[in-house]
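A.B. asks: Give the three-dimensional model of this entry:
(one chain, ligands or ions: 1)
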Amino acid sequence: MTEKKLLLITFDYELFLGERSGSVQDCLISPTNKLMKILEKQNLKSYFFIDTAYLIRLKEAARDHPSAREDLESITAQLVQMVKYGHEIHPHIHPHWKDAVYDAKQNEWSLQNRRYYSFASLLTEQQAYLFDQSIATVRLILDIAKCDQPLDSYRAGGWTIQPFEYFRPLFIQYGIKYEWSVLPGKYQISDAHNFDFRNAPEHNPVYTFDLDPCKIDQKGPFKELTISSFSMNPYEKWLDFKISGLLQRLGQRPAFKGNTVSSIVREQGDNQCKAGFRREIASFEGLNQFRIRKYLSDIRTKEYVHFISHPKMLTNFEFKMIDRFLDKLNRDSKIQTNFRELLA
Ligand SMILES: [Zn+2]
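C.D. replies: Next up is the predicted model:
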């Protein structure tokens with residue numbers, strides 16, 4: 001890498017994935033427009049991982065329901081505009097959309113059944129079909145936008161990229177070279193999320209792999225772009241907790257506009273976290289004045305930072321913080337947001 005640091009700003013473009021999905025306007029269109037304005041002002045490129053399993057179901061609903069058709073049109077228009085602005089779009093699959101129920105009256109979805117949460121739970125032909133349709137869905141947007149962005153990246157829904165053997169042949173078939181799901185150190189075993197990144201390299205955020213996205217293999221055909229974290233010491237943890245509580249009391253943390261997926265967790269943790277510390281995933285969610293200061297100072301010593309956020313989760317307060325954070329970061333360091341120029 002050069003003296004420039006690589007800042008990957010990524011988003012999962014999706015509705016809520018539990019009992020109530022929330023509306024397209026609240027969870028996608030409105031927050032994403034706000035994000036794009038900020039990114040345009042700062043002249044930064046970002047990467048949106050599109051929940052294609054949802055769009056496949058939305059297309060079906062659009063045949064019979066005018067409000068679903070309107071949602072599909074707004075999303076298509078937004079994604080076309082997004083790539084025209086220079087952001088990239090890639091697939092992100094939440095397979096349990098397969099069981100989602102559409103409520104035409106509310107124009108919302110309900111995803112209560114988690115049996116297909118992981119890609120591995122599908123039959124091989126279902127996996128192949130879903131992956132193929134996902135690629136086609138993103139390809140269609142790129143074609144409408146007349147954009148020649150390579151379609152070569154993937155982030156798994158709920159970080160469930162394991163076991164990788166189910167993805168590997170599809171990655172090869174469709175030319176997916178970059179994997180964006182691994183959060184080194186973190187693990188969660190539940191009846192929904194199921195990932196174990198305990199063995200991922202600790203000091204090597206970008207690496208080549210083949211059979212296992214947590215294991216370096218120089219001869220492999222794929223590159224892992226791991227998600228970053230920030231380590232907070234006990235004092236920082238306490239300060240962050242106090243500020244979050246204060247923001248809550250000031251009404252800056254309104255309720256979510258849908259329900260997140262609920263799951264029965266058997267085991268979870270972070271084996272790269274020292275006792276008493278906390279490793280916060282690099283995200284715009286929960287950004288506050290303290291975190292801005294902390295992240296800026298930590299980033300000074302890093303060559304690579306990968307942020308993951310969800311438009312549906314962001315509050316008006318956080319949009320203000322994102323703007324301030326990116327503005328300071330832009331002035332503070334030499335940033336490259338196009339990974340292709342640094343990693344090619
Ligand atoms: Zn997701």
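A.B. asks: Please name the nearest non-neighbouring residue to the residue of the stretch 101-250 of the chain found nearest the ion.
C.D. replies: Per CB to the ion, Gly157 is where the stretch 101-250 of the chain lies closest to the ion, at 4.6 Å. Every C-beta, even on glycine, is put in place using the N, C-alpha and C of the backbone. Nearest non-adjacent residue to Gly157, counting by CB to CB, 6 or more residues apart in numbering: His94, 3.5 Å away.
A.B. asks: Run through the residues that contact the residue of the stretch 101-250 of the chain closest to the ion.
C.D. replies: Residues in contact with Gly157 (CB atoms under 8 Å, 6 or more residues apart in numbering) are Glu14, Leu17, Asp51, Ala53, His92, Ile93, His94, Pro95, Tyr117, Phe119.
A.B. asks: Torsion angles phi and psi at the residue nearest to the second one when sequence neighbours are not counted?
C.D. replies: Yep, that's Leu17 we're talking about. Once flanking residues are discounted, Leu17 sits nearest to Val261: 4.5 Å by CB to CB, 6+ apart. With angles defined as degrees, to the nearest 10, Val261 sits at phi -70, psi 130.
A.B. asks: give me every residue that touches Val261.
C.D. replies: So Val261 contacts Phe16, Leu17, Gly18, Leu111, Arg114, Tyr117, Gly158, Ala192, His193 (CB under 8 Å, 6+ apart).
A.B. asks: Among these, the buried ones, what's the PyMOL command?
C.D. replies: When burial is assessed using 16 or more other CB atoms under 10 Å, the buried subset of these is captured in PyMOL by this command:
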select buried, resi 16+17+18+111+114+117+158+192+193
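A.B. asks: Any chance of the contacts of Val261 in a markdown table with pLDDT and secondary structure as columns?
C.D. replies: Formatted as a markdown table, the contacts of Val261 follow (pLDDT from 0 to 100; DSSP: H, G, I helix; E, B strand; the rest coil):
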| residue | pLDDT | secondary structure |
| --- | --- | --- |
| Phe16 | 96 | coil |
| Leu17 | 94 | coil |
| Gly18 | 92 | coil |
| Leu111 | 93 | coil |
| Arg114 | 86 | coil |
| Tyr117 | 89 | coil |
| Gly158 | 91 | helix |
| Ala192 | 82 | coil |
| His193 | 81 | coil |
